[in-house]
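Enquirer: quick one: sequence plus predicted model below, questions after.
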Amino acid sequence: MSDTVTTDGDILTLSNVTLNFGGLSAVSNVDMNLAVGELVGLIGPNGAGKTSIFNLLTGVYPPTSGKVTFTRGQKVSNLGGMKPYAICWAGIGRTFQNIRLFRALPVIENVMIALQHNVPYSLATAFLHTLRYGRLEKQIRDESLELLRIMGLEDDANELAQNLPYGKQRRLEIARAMATHPVLLLLDEPAAGMNPAETADLTELIGWLRTNFNLTILLIEHDMSLVMDICERIYVLDHGVLIASGTPSEIQHNPAVIEAYLGEEAADA
Amino acid sequence: MLRQLRPVLLNGIALVATFAIVYLLMRVGIIDSFYQDTIALVCINIVLAVSLNLIVGFTGQFSLGHAGFMALGAYTTALVTLHFPTIWGMLGGIVLGALVAAAIGLLIGLPTLRLRGDYLAIATLGMAEIIRVLMQNFTFTGGASGLFPSRYLNWTWMFILTAGSVVLIANYIRSRAGRESIAVRENEIAAESIGVNTTKAKTLAFVVGAFFGGVAGGMYGSYFYWIVPKTFSFMMSFNILVIVVLGGLGSISGSVIAAILLGVVNVLLADPNLVPIRMILYSLILIILMVFRPQGLMGDKELSIRLFRSILPKRRRPPDEEPVPAGEGRLEPAEVTS
């Protein structure tokens, strides 16, 4: 599954990746690569296959064909066929387009569950609640609180996740993904449903997280102001096929992209 | 440190007091053998319901075969005490029975819990029936006429086993593994994405539940002088599930309260005049409870001092008294939402 090879600076490589559902091809022959530390956008009309690519990267679906490689330091993993939890352990965190929080649990426990696999203790400790249990639980709780503070959610730590307003639920999902200590973060429409002020805050936060946690970020987004503002490179997907890639200004003037979004006549005009 | 230990101490005092009061009442003779049998049944039902609640209420996996694990525990304990007729034979039998139940749980759980959905319900239903039919046909289990073990389970051991099981399961739930179980119940895909091996979390919870189902069976097998296969039919699994739902899915104290309540109802309905319509009344009580409290008696809340605070009218606290942290021994900072 993994072997040591010298890296060429790419943290993630997709080569000729295809995902079929029966006769339907959700993703076909996609080639992508992300360099360490990059912030890359993935855009495209609805149903273009963006979330399918995220699901491929996180093990929800194995690719029908093609290869997905993830490089962390000296360790190279082939993500095809790996279980989602193993991919998380390898260092990829994600959020979901339709928020998937543990709704009936307090905010802090949402983060604690994500954080705890870095602080293991035995089953005996769990059953007997020894002093070691108290110490490690406190460590998990303190680190979770610290993360909530960074995300501006510390006042809501004991609130149930389902009672948070929408914008905070999105932030909590990012906090939960960050709690797994990822090196690559996949954000699926982080600004969906946010007002312009919240989107501006979020844009700033994403940039801040990237710098302070040395993250590589791939994000799907429909809010073009956010994408054009912070992404260094953009991939454009339409009907499962990559139609363009390049810097934000290149993408803005790419006729194929304009056609995909606005139709043929707009591209001719 | 002292503030953190306070709820643990309070729970300990409550447990010791319960034990001492019942013990004294038994000594004085106020609790006669009829009530003693009721108490034994309540204790066994508590362990059964709490262990099933771990599987159904906390992990969200529907299991319909808890009577099967109970049968394994009961028969193992009975067979061991028949060969080693001492109290240590009983304890060894209960541990062995619980281990057998856990092993069968692992065997059933591993293939079915890898799948998402209600496959476990069907598999466990089948498993419990197979166990019952096997017990009915093996000669060493006494066939349909069953086994006649002696009674070694006194109130002291009954209490230790019941309280011990509940405390261990409650500890499990308030740990790493327990949080993973709840994460699986809440959202399996999200749980996987943050590093929870959901198959492992589900299987572990199921095996732990099966283990304590075996303990409850062992208690049954060393209290009632006669065990027969038909006791461990589907109706038994169903009754345990009723207690769990009645108490509230995801509430340990709910399961305990519901088990006690059903014990009381059974005693009240034991009146000879009520015997003909007993099952009707019993069912009616269940229907009424489900109509007015569909989430169960406790919902997913736990009985705690804080819960009482929120129900009772607000009382002014003396200024230097700190608020009591959440009950049930949970170690967490005092909350503002009480």
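Expert: Happy to help now that I have it.

Enquirer: can you map out the strands along the stretch 101-250 of chain A?
Expert: Along the stretch 101-250 of chain A, counting by DSSP state E, counting those that start in this stretch, strands occupy A:184-188, A:216-220, A:233-238, A:241-246.

Enquirer: now render these as CSV, adding mean neighbour count.
Expert: For every residue, glycine as well, the C-beta is placed using N, CA and C. Shown next, in CSV, are the strands of the stretch 101-250 of chain A (neighbours: other Cβ atoms under 10 Å in any protein chain shown):
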stretch, mean neighbour count
strand A:184-188, 24
strand A:216-220, 24
strand A:233-238, 22
strand A:241-246, 18
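
Enquirer: closest to chain B out of the ones you listed?
Expert: Chain B sits nearest to strand A:184-188 of all those, at 9.4 Å, using Cβ to the nearest Cβ.

Enquirer: just want the angle from that closest one to strand A:216-220.
Expert: Relative orientation of strand A:184-188 and strand A:216-220, computed by axes from the mean of the first three to the mean of the last three Cα atoms, to 10 degrees: 10 degrees.

Enquirer: what comes up buried for whichever strand or helix holds B:Ala205?
Expert: Taking DSSP states H and E as the criterion, B:Ala205 maps to helix B:198-221. The neighbour-count criterion (16 or more other Cβ atoms under 10 Å in any protein chain shown) identifies B:198-199, B:201-221 as the buried residues of helix B:198-221.

Enquirer: and if you look at stretch A:19-35?
Expert: Those would be A:19, A:25-28, A:30, A:32-34, for stretch A:19-35 by 16+ other Cβ under 10 Å.

Enquirer: what's the most distant pair in those residues?
Expert: Pairwise distances across these peak at 23.0 Å for A:Ser25 and A:Leu34 (criterion: Cβ to Cβ).

Enquirer: what's the local residue count around B:Ala259?
Expert: 25 (other Cβ atoms under 10 Å in any protein chain shown).

Enquirer: same deal with B:Met279?
Expert: Neighbours of B:Met279 using other Cβ under 10 Å come to 10.

Enquirer: you'd agree it is in a helix?
Expert: Yes. Membership of B:Met279 in a helix is supported by DSSP: H, G, I helix; E, B strand; the rest coil.

Enquirer: about what we covered before: so the helix holding B:Ala205, near chain A or not?
Expert: Yes. Against chain A, helix B:198-221 shows contacts by Cβ under 8 Å from any Cβ of the partner chain at B:198, B:204.

Enquirer: so what secondary structure elements neighbour that helix?
Expert: helix B:33-53, helix B:66-83, helix B:87-113, helix B:155-173, helix B:176-186, helix B:188-193 (3 or more Cβ pairs under 8 Å, 6 or more residues apart in numbering or on different chains; DSSP states H and E).

Enquirer: I'd like these as CSV, with mean pLDDT and distance to A:Ala126 appended.
Expert: Below are the helices and strands packed on helix B:198-221 laid out as CSV (pLDDT from 0 to 100; distance: least, Cβ to Cβ, whole Å):
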stretch, mean pLDDT, distance to A:Ala126
helix B:33-53, 94, 16
helix B:66-83, 96, 21
helix B:87-113, 95, 16
helix B:155-173, 95, 6
helix B:176-186, 94, 5
helix B:188-193, 94, 17
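
Enquirer: B:Ala205: what's its closest spatial neighbour, skipping adjacent residues?
Expert: B:Thr59 (4.2 Å; Cβ to Cβ, 6 or more residues apart in numbering or on different chains).

Enquirer: Provide a list of residues in contact with the one you found.
Expert: When contacts are counted by Cβ atoms under 8 Å, 6 or more residues apart in numbering or on different chains, B:Thr59 touches B:181-182, B:184-185, B:201-202, B:205-206.

Enquirer: spatially, which two of the residues you listed are the most separated?
Expert: B:Ile182 and B:Phe206 (14.4 Å).

Enquirer: ok, and the closest non-adjacent residue to A:Glu159?
Expert: A:Val107 (5.5 Å).

Enquirer: what residues does the stretch 101-250 of chain A have near chain B?
Expert: A:101-105, A:109, A:112-114, A:116-117, A:120-121, A:123, A:125-129, A:133-134, A:137-138, A:141, A:158-159, A:176-177, A:179-180.

Enquirer: filter those residues down to the buried ones.
Expert: A:101-102, A:105, A:109, A:112-114, A:116-117, A:121, A:125-129, A:133, A:137, A:141, A:158-159, A:176-177, A:179-180.

Enquirer: before we move on, the earlier item: mean pLDDT added to the strands of the stretch 101-250 of chain A, as TSV?
Expert: Listed next are those as TSV, based on pLDDT from 0 to 100:
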stretch	mean pLDDT
strand A:184-188	95
strand A:216-220	94
strand A:233-238	93
strand A:241-246	91
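
Enquirer: which among these is found nearest to B:Ile252?
Expert: strand A:184-188 (36.2 Å).

Enquirer: name every strand pairing with the closest one and say which way it goes.
Expert: Applying DSSP bridges to the sheet, strand A:184-188 is found paired with strand A:92-94 (parallel), strand A:216-220 (parallel).

Enquirer: what's the spacing between it and its chain's center?
Expert: Taking Cα atoms, centre = their mean, to the nearest Å, the mean C-alpha location of strand A:184-188 is offset from the chain mean by 1 Å.

Enquirer: low-confidence bits of the stretch 1-150 of chain A, can you list those?
Expert: Applying pLDDT under 70 to the stretch 1-150 of chain A flags the ranges A:1-8.

Enquirer: which residues of the stretch 51-200 of chain B lie near chain A?
Expert: So the stretch 51-200 of chain B meets chain A at B:168, B:171-172, B:174-180, B:182-183, B:186-187, B:189-198 (Cβ under 8 Å from any Cβ).

Enquirer: excluding its backbone neighbours, what's nearest A:Glu221?
Expert: A:Val227 (4.9 Å).

Enquirer: who's in contact with the one you found?
Expert: Taking Cβ under 8 Å, 6+ apart, we find A:Val227 in contact with A:41, A:43, A:219, A:221, A:234, A:248.

Enquirer: tell me which two of those sit farthest apart.
Expert: Pairwise distances across the contacts of A:Val227 peak at 12.9 Å for A:Leu219 and A:Pro248 (criterion: Cβ to Cβ).

Enquirer: shared neighbours of those two, anything?
Expert: A:41, A:227, A:231.

Enquirer: any chance of those residues in TSV, plus distance to B:Ala67?
Expert: TSV is the format used below for the shared contacts of A:Leu219 and A:Pro248 (distance: Cβ to Cβ, whole Å):
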residue	distance to B:Ala67
A:Gly41	56
A:Val227	58
A:Cys231	59
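
Enquirer: can you tell me which of the residues you listed is nearest chain B?
Expert: A:Gly41 (20.8 Å).

Enquirer: and that closest one, bridged to which residues?
Expert: Beta-bridge partners of A:Gly41, as defined by DSSP bridges: A:Leu219, A:Ile234.

Enquirer: residue contacts, it?
Expert: A:218-221, A:227, A:231, A:233-235, A:248 are the contacts of A:Gly41 under Cβ under 8 Å, 6+ apart.

Enquirer: switch the cut-off to 6 Å
Expert: A:219, A:227, A:231, A:234 (Cβ atoms under 6 Å, 6 or more residues apart in numbering or on different chains).

Enquirer: turn the residues you listed into CSV, including distance to A:Ala86.
Expert: Converted to CSV, those look like this (distance: Cβ to Cβ, whole Å):
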residue, distance to A:Ala86
A:Leu219, 23
A:Val227, 30
A:Cys231, 28
A:Ile234, 29
